[in-house]
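Q: predicted structure and sequence below. I'll ask about it afterward.
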Amino acid sequence: MSNNIATVLSRQDTWRGRSQRLPRRAITTGHNSLDLLLHGGWPISALTELMPQQFGIGELSLLLPTLKYYADNNQLCVWLDPPYQPYAPRLASANIALDKLLVVRSKNYIEWLWAAEQSIRSGALLLAWTKQPSSRYADLRKLQLAAADSGNAAFLFSTPSALSAPSPATMRLELRSLKVNQLLLTVRKQRGVAGGARLELSLGETNTQRTDLALLPADRHRTYPIQQLNN
Amino acid sequence: MLKLDKKSARSDIWLYLHFPLLPLETLLPKIQVEQAQKPIAIMSLQKNIQRVLCCNAQAEAWGVEANLSISTALALCPELEVLPRQIDQEQQLLQQLALVAYSFSPVVILNDTNVWLEISGCQQLFKGYDQLLQELANRLCSQSVTVVNGIGQNPTAAKLLCKSEFETQLPNQAEIRHRLLNTEIRFLKSNRKQQQSFKQLGLNTLGDLLALPRSALSRRFDSELMLTIAQLNNEKPFIAPYFHPANTFHDLIQNPQGIFNKESLLFPMKMLLQRLCQYLMARQCHCREVEWCFEPLIGGSQTMQIQLSSSQNNWSTLLMLSRLQLERLELPRSIEKVILSADQFIEAPMGTFNLDLFDNQKNAQQSHELIDSLNARLGINALSQPILNQDYLPEQASTLVAPGKHSSTVPGEQVKTSQPLWLLSAPAPVQMRNQQLYWRQPLSIISGPERLCGNWWQSEQQRDYYIASDSKGARYWLFRETSSQRWFVHGLFS
């Protein structure tokens, strides 16, 4: 019996209550308050699961500085099954080299998993969106192990419904929007730290400026009265 | 054309490579020829009679030898298995062997059955002639053929001095000359009448012949023999075209029994890729694209193209990519021929060693490899890259193109207004419900509009772009077409 315990304890992946091991290396998120929340930034050599409540609340702009960092480092950024098409002018204005971005569309779950693992192992930054409600634990563990081996960050976007299932990801973050440009981040899982930490993050000023239609360039489809033109 | 002048010829070292069992080994690999229990012979038609061209050791034990007519050979050995000669395949194999020789020396001559190469300039690269000969012997043996050689100061002498085994020790000049002079005169290419004259003159060795005054010889013998003598003495050049690798690569492996599953296809594919890499190495090229063709016994063939995002010469990578792509391919049930061809080459970059201290190069290399393997497994349509165009309409300003087609990024002008990260592949119409915009949920406008006019020469598009949000705080990019006054969602701020 004692022999069995010794073998279990000698295993690398046995978690013992006392160990307070934090991920050693991290890459800055570009937001100071977020870095603090995450103890340094996005963990590298790890899979990070982001669970936005819906698309469009600013979940992707959180990763723009990371994308830029990897693209500047001449590493490929793979977007696996993104829900929409990335808009090039916005990425270009964030100074991200577009030729370092690769959009990959998979036809089925097997291809998705293969492409994800291949990308992580080839030293690329992976941003993956799952089509199915919850991926299998063993499959995600494959990705987590690949990330641990390769030393690169990998991000997985899933829905908050995935929270009901366990995940091997090193970090799980739930993203909610309080109001426009105001994100509420909840750490659901973080290695070495108890979960539940929250942060309200402002993503910049909201532009609420309305333009008067009359100040716009001429509407080609409207026939203006002649005297108005003469003025 | 090759011309050897007298001065340089002195230091030349010519190697003559002879493949005595080539017709047999074209059909069966060397190991099968050696281990075969039954006697096998290759026949070919000579002067309207089927004669034995070459045979294996078992057949020789029965007394079968070259130039016997088939009926005599069968009378000697009733169990003899006789196979017809396959000249095309034989020539293909010979080309491959010449390619091996070409990787040792740039001066290679190929005739119908033999290969010569001149190695005098190459000892530095291989750290001495003995190492060179040893390496050459190993490389030729790995092609699974029996090879013997002769070493001489000119091609003619090298052929005369051909031994019955592969000599890996280079004899010195005096030794070579000594051997040449002691060669029996019957080995010299001559007709029966000439041989008779040699006998009448009391000439036994080549030394005896060469010792005679040239004028006396020219009165007795024809000009062909005189030319040979002059060539042996390095007085006249040996004229033959140099061997150069072909401009395109085309090679095949045939399996008459047929290959029935994909796993067993990998072995011939590996062999073909190794040959391709040998060819590329000889030509100092890299390839960008290779094409496979799988031919069944009956029915149409299936082709498969492997495209590389960066040029390379590495058979294991090519095999890995081919394997990935092969998994997606529907193949005929049984495959008889596997054909590999490549015709797009680019010059190999000089200095393939990575001297870059920073691993930028490595990252780029890894990216190329990743693109290639994703391409091979998921298909070319699965991959794309966003690209920026100089256009007003958002759907034309941002398009997706196949990777590698990327031109240099157009420097984006700093945009004043905020733009979304997601673009819908096509604008989605927005409903109006109770005077409120509705797309999946009610939307309310935050800011805008900004008027975009584009393509006035094609279609009169004029749009007012607004930013809207839903109750939960997600932001949307909306526009209203001014002509139709209809609303669309075009993107999401993410």
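A: Everything's here; your move.
Q: most remote residue from the middle of chain B, which is it?
A: residue B:434 (70.2 Å; C-alpha atoms, centre = their mean).
Q: now stretch A:123-132: buried residues?
A: A:123-130 (16 or more other C-beta atoms under 10 Å in any protein chain shown). From N, CA and C alone the C-beta is placed, and that goes for glycine too.
Q: end to end, how far does that stretch reach?
A: Length of stretch A:123-132, first residue to last, C-alpha to C-alpha, to the nearest Å: 25 Å.
Q: could you check whether that stretch is close to chain B?
A: Yes - using C-beta under 8 Å from any C-beta of the partner chain, stretch A:123-132 reaches chain B at A:123-124.
Q: cool, and stretch A:172-192?
A: Yes - using C-beta under 8 Å from any C-beta, we find that stretch A:172-192 touches chain B at A:177-182.
Q: before we move on, back to that, tell me the one of the buried residues of stretch A:123-132 nearest residue B:14?
A: residue A:123 (50.6 Å; C-beta to C-beta).
Q: tell me the contacts of that closest one?
A: Contacts for residue A:123 were tallied using C-beta atoms under 8 Å, 6 or more residues apart in numbering or on different chains; they are A:75-76, A:150, A:152, B:363, B:366-367, B:370.
Q: can you list those in a markdown table and add neighbour count and secondary structure?
A: Formatted as a markdown table, these follow (neighbours: other C-beta atoms under 10 Å in any protein chain shown; DSSP: H, G, I helix; E, B strand; the rest coil):
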| residue | neighbour count | secondary structure |
| --- | --- | --- |
| A:75 | 21 | coil |
| A:76 | 25 | coil |
| A:150 | 20 | helix |
| A:152 | 22 | coil |
| B:363 | 19 | helix |
| B:366 | 19 | helix |
| B:367 | 24 | helix |
| B:370 | 23 | helix |
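Q: and the two most separated of the residues you listed?
A: Maximum distance among the contacts of residue A:123 (C-beta to C-beta): 13.5 Å, for A:150 and B:367.
Q: which residues are in contact with both of those two?
A: With C-beta under 8 Å, 6+ apart as the test, residue A:150 and residue B:367 both reach A:122-123.
Q: mind listing the helices for the stretch 101-250 of chain B?
A: For the stretch 101-250 of chain B, helices defined by DSSP state H, counting those that start in this stretch occupy the ranges B:129-141, B:155-160, B:173-181, B:192-201, B:206-211, B:214-220, B:223-232.
Q: what pLDDT does residue A:134 get?
A: You'll see residue A:134 listed with a pLDDT of 62.
Q: send me stretch B:139-152 as CSV with only the CA atoms.
A: C-alpha atoms of stretch B:139-152 as CSV (Å, rounded to 0.1, in the frame of the first residue of the first chain):
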residue,chain,number,x,y,z
ARG,B,139,26.5,4.5,-52.9
LEU,B,140,26.4,2.3,-56.0
CYS,B,141,25.8,-0.8,-53.9
SER,B,142,22.9,0.9,-52.2
GLN,B,143,21.3,1.1,-55.7
SER,B,144,21.2,-2.7,-55.5
VAL,B,145,23.4,-3.4,-58.6
THR,B,146,26.6,-5.3,-59.0
VAL,B,147,29.4,-3.0,-60.1
VAL,B,148,33.0,-3.6,-61.1
ASN,B,149,35.5,-0.9,-62.1
GLY,B,150,38.7,-0.2,-64.0
ILE,B,151,41.1,2.7,-63.3
GLY,B,152,43.2,4.2,-66.0
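Q: shouldn't residue A:146 be in contact with residue A:117?
A: Yes - using C-beta atoms under 8 Å, residue A:146 is in contact with residue A:117, at 4.9 Å.
Q: is it possible to mark the buried ones in the residues of stretch A:172-192 next to chain B?
A: A:177, A:180-182.
Q: tell me the centre residue of chain A?
A: Short answer for chain A (C-alpha atoms, centre = their mean): residue A:155, at 4.9 Å.
Q: secondary structure element for that one, which one?
A: strand A:153-157 (DSSP states H and E).
Q: that strand pairs with which strands, and in what direction?
A: strand A:46-52 (parallel), strand A:125-129 (parallel) (DSSP bridges).
Q: all helices of chain A, in order?
A: A:2-10, A:32-37, A:64-72, A:88-93, A:109-121, A:137-150, A:226-230 (DSSP state H).
Q: just how off-centre is the fourth one within its chain?
A: What it means is helix A:88-93. 18 Å (C-alpha atoms, centre = their mean, to the nearest Å).
Q: pLDDT weak spots in the chain?
A: All of this refers to chain A. Within chain A, the stretches with pLDDT under 70 are A:1-2, A:10-24, A:133-135, A:205, A:220-231.
Q: you looked at the wrong chain, it should be chain B
A: The low-confidence ranges in chain B, as defined by pLDDT under 70, are B:1-10, B:30, B:311-312, B:349-361, B:405-417, B:454-460.
Q: counting residues, name the longest helix you see in it.
A: helix B:262-283.
Q: helix B:129-141 and that helix, what's the angle between them?
A: 150 degrees (axes from the mean of the first three to the mean of the last three C-alpha atoms, to 10 degrees).
Q: buried ones in helix B:262-283?
A: B:265, B:268-270, B:272-273, B:275-280, B:282-283.
Q: contact partners for residue B:304?
A: B:291-294, B:322, B:325-326, B:329.
Q: which ones among those lie within strands?
A: B:291-294 (DSSP state E).
Q: closest to residue A:92 among the residues you listed?
A: The closest of the ones in strands among the contacts of residue B:304, once distances to residue A:92 are taken by C-beta to C-beta, is residue B:291, at 36.7 Å.
Q: may I have the beta-bridge partners of the closest one?
A: residue B:305, residue B:341.
Q: how much space between residue B:28 and residue B:146?
A: 12 Å (C-beta to C-beta, to the nearest Å).
Q: and if you look at residue A:34?
A: 72 Å.
Q: what do you get for residue B:367?
A: Distance, residue B:367 to residue B:146, by C-beta to C-beta: 46 Å.
Q: got it, and residue B:64?
A: Distance from residue B:64 to residue B:146, by C-beta to C-beta: 17 Å.
Q: of those two, who's got more company?
A: Between residue B:64 and residue B:146, counted using other C-beta atoms under 10 Å in any protein chain shown, the more crowded position is residue B:64 (24 against 18).
Q: I'd say that one and residue B:80 touch.
A: Yes - with contact defined as C-beta under 8 Å, residue B:64 reaches residue B:80; the gap is 6.4 Å.
Q: where do the contact lists of the two overlap?
A: In contact with both residue B:64 and residue B:80: B:39, B:41, B:55, B:73, using C-beta under 8 Å, 6+ apart.
Q: excluding its backbone neighbours, what's nearest the third one?
A: Nearest residue to residue B:55, sequence neighbours excluded (C-beta to C-beta, 6 or more residues apart in numbering or on different chains): residue B:41, at 3.8 Å.
Q: what residues does the helix or strand containing the one you found touch?
A: For residue B:41, the element it lies in under DSSP H and E is strand B:40-46. With C-beta under 8 Å, 6+ apart as the test, strand B:40-46 has contacts from B:23-24, B:27-28, B:33, B:50-56, B:58-59, B:64, B:67, B:70, B:73, B:80-85.
Q: what subset of these is buried?
A: Buried among these (16+ other C-beta under 10 Å): B:23-24, B:27-28, B:33, B:51-56, B:58-59, B:64, B:70, B:73, B:80, B:82, B:85.
Q: ok, now how distant is the residue most central in space within chain B from residue B:292?
A: Nearest to the mean C-alpha position of chain B, counting by C-alpha atoms, centre = their mean, stands residue B:276 at 2.0 Å. Separation of residue B:276 from residue B:292 (C-beta to C-beta): 11 Å.
Q: by neighbour count, which of the contacts of residue B:304 wins?
A: Ranking the contacts of residue B:304 using other C-beta under 10 Å puts residue B:322 first, with 24 neighbours.
Q: wait, what's in contact with that one?
A: B:269, B:273, B:290, B:292, B:304, B:306, B:376.
Q: before I go, just wanted to say thanks for your time.
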